[in-house]
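In: have a look at this prediction, sequence included:
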Amino acid sequence: MPSAGPPLPPGILVDEEISPVYNPKYFYPAKPGEVLGDRYQTLVKVGWGVSSTVWLAQIEEPGSVVALKIANNNASFAGHECEVEEHISTADPSHRGRSIIRTLLDSFQIEGPEGSHSCLVYPPMREPLSMYQRRFDEKKMPLPLVKTYIRALLTGLDYLHKDCRTVHTDIKLENNMVSFEDPTVLAEFIESQLEKPMAFKVDSTGRPVYQSRSDFGPLKSLRSIPQLVDFGLATRLEEDDDWGVWPIQPDHYRAPEVILGIGWQMPADIWNLGVLLWDLIEGKELFQHIHDEQGRYDAKLHMAEMVALLGPPPPEIMQRYQDMREYPWPEPVRREDDRLCETAEEYFDGPFFDNNGRFIYEDLIPNRTLDDAVSFLDEEERDNFVDLVKKILVWHPNKRRTAGELAAHPFLQPKQTITLFSASACWWTVRRWHQTAGSDVSAIVISNGMYSWVRLCMQTIQLDFGLSS
């Protein structure tokens, strides 16, 4: 069992302490070897955020390893995340995209010194795509691998949008994770923690803060499966006339309808993924000048780049923009500068267009086009990619292609037999989980859940992505 490693100087900031909003009373003081929920024994801290920490934990008897997300006692996302993920996991388990959506295996509450904490249990994953990318020269993954991942994520979004009626709202490299390519990677990582335990410090309140370990070592193969994760900000839109109006999405990936305040639905995720294509293929953002000199997000600059790449918005978008400019949100939203805003125009410092639909800040429009932004593919691939992008990055949300339609685009189809994944590798994972499950009934439930996940991954790989076994 991993134990505490060497102490760190009390004056240095460790992991969650780096956050400007860090308050130790909100975080649970987890430590290695602790048993939570009567059955999950913490092994090593592998991640952290402003409102949670993530640990690998083992089920005491069978020894199966899970990822345990321990939410802060003031975190409002945990209950919402559980509710959304339970809905996602049961909407249509037979859909090929179900295997590309990671949902929880279990959840429970624990009591900490300052209140109650929600704990969410997940299958363990290797790392987010942002880290996975850095394992390749110049952060450029092999193009066949990128295409496979994009198609997989689109298949997952097809399930999320059509069957679950849910918008993720926060698609970024950090929220796309890849599975372990080989069961031995996780086993060897845990073994290494015995030899070199986590360093830690005790803060001024007496809370132990452990230094996380998130590097699982060099890749043994490319047989990893991508999954969309983190549904803490996801929104369910049950009816066709349900709309979201509040601000969503990371700055670089924010859709125009969000900035303009004209209401958003599932197509906002499609825009988000379209912008993400540059991160995956080129290793850099499509929108490169969206922050001011102080590093703050500037929607005027962002909108100016959109106008440069796409041309001016169509009249119907401008009409809706004018109609909804003064439309107040159901509740005010607080900006990072602590200002309460009641409209998108207030929140994003508009207006952006005059009554004639002309962009007010024409001097900010850079001299670049969408075609110019694609410089990293040969001619045939480039033409297909531009055609794909022009079906995604469209001003009018209803004119963007759906995830299911985009997954069938020629750019994403395999040209040759690609053996990045194999059914045998998936089956090995299934056997590993069953062997470690033993006879504990509750562990078999989790093990069977993992079996279903891998079986669906195999179906997705073989039937939907054209990969050989």
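Out: That came through fine. Remember, it's a predicted structure, so these values are computed and weren't measured experimentally.
In: can you give me the helices for the stretch 1-150 of the chain?
Out: Taking DSSP state H, counting those that start in this stretch as the criterion, the stretch 1-150 of the chain carries its helices at 77-91, 129-133, 143-158.
In: likewise for the stretch 251-400 of the chain?
Out: Using DSSP H, counting those that start in this stretch, helices in the stretch 251-400 of the chain cover 256-260, 267-281, 299-310, 315-324, 344-347, 379-389.
In: burial measure for the residue nearest to Leu406 when sequence neighbours are not counted, as a count.
Out: Taking C-beta to C-beta, 6 or more residues apart in numbering, and ignoring the residues beside it in sequence, Leu406 has Leu154 as its nearest neighbour in space, at 5.2 Å. Any C-beta I mention is one placed from the backbone N, CA and C, and that applies to glycine too. Using other C-beta atoms under 10 Å, Leu154 has 24 neighbouring residues.
In: okay, Leu154: pLDDT?
Out: If you check Leu154, the pLDDT there is 98.
In: that one is in contact with Thr402, isn't it?
Out: No - using C-beta atoms under 8 Å, Leu154 is not in contact with Thr402, being 9.1 Å away.
In: any common contacting residues for those two?
Out: Overlap between the contact sets of Leu154 and Thr402, as judged by C-beta atoms under 8 Å, 6 or more residues apart in numbering, is nil.
In: what ranges of the stretch 351-469 of the chain fall below the confidence cut-off?
Out: Residue ranges of the stretch 351-469 of the chain with pLDDT under 70: 416-469.
In: ah, wrong one, I meant the stretch 1-150 of the chain
Out: For the stretch 1-150 of the chain (pLDDT under 70), the answer is 1-4, 61-63.
In: can you give me the strands in it?
Out: 35-36, 40-48, 52-59, 65-71, 106-112, 115-122, 127-128 (DSSP state E, counting those that start in this stretch).
In: now do the third one: which elements does it pack against?
Out: This points to strand 52-59. Where contact means 3 or more C-beta pairs under 8 Å, 6 or more residues apart in numbering; DSSP states H and E, strand 52-59 is packed against strand 40-48, strand 65-71, helix 441-459.
In: direction included, what does it pair up with?
Out: With DSSP bridges as the test, strand 52-59 is paired with strand 40-48 (antiparallel), strand 65-71 (antiparallel).
In: can you list those in JSON lines and add distance to Asn355?
Out: Output for those, formatted as JSON lines (distance: least, C-beta to C-beta, whole Å):
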{"stretch": "strand 40-48", "distance to Asn355": "48"}
{"stretch": "strand 65-71", "distance to Asn355": "47"}
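In: could you look over those strands and pick the most buried one?
Out: strand 65-71 (a mean of 23; mean count of other C-beta atoms under 10 Å).
In: for that one, which outside residues touch it?
Out: 28, 30, 36, 40, 42-43, 46, 51-59, 77-78, 105-106, 110, 117-125, 186, 190, 446.
In: name the nearest residue to Pro6, sequence neighbours excluded.
Out: Here the residue nearest Pro6, using C-beta to C-beta, 6+ apart, is Ala199, at 5.2 Å.
In: got the contact list for the one you found?
Out: 5-8, 210-211.
In: pLDDT wise, what is the residue most central in space within the chain at?
Out: By C-alpha atoms, centre = their mean, the chain has its centre lying nearest to Asn175, at 1.5 Å. We have a pLDDT of 96 for Asn175.
In: which of the helices or strands spans the closest residue in space to it that isn't next to it in sequence?
Out: The spatially closest residue to Asn175, leaving aside those adjacent along the chain, is Asp230, at 4.6 Å (C-beta to C-beta, 6+ apart). Following DSSP states H and E, there is no helix or strand that holds Asp230.
In: against Asp170, how distant is Asp230?
Out: 7 Å (C-beta to C-beta, to the nearest Å).
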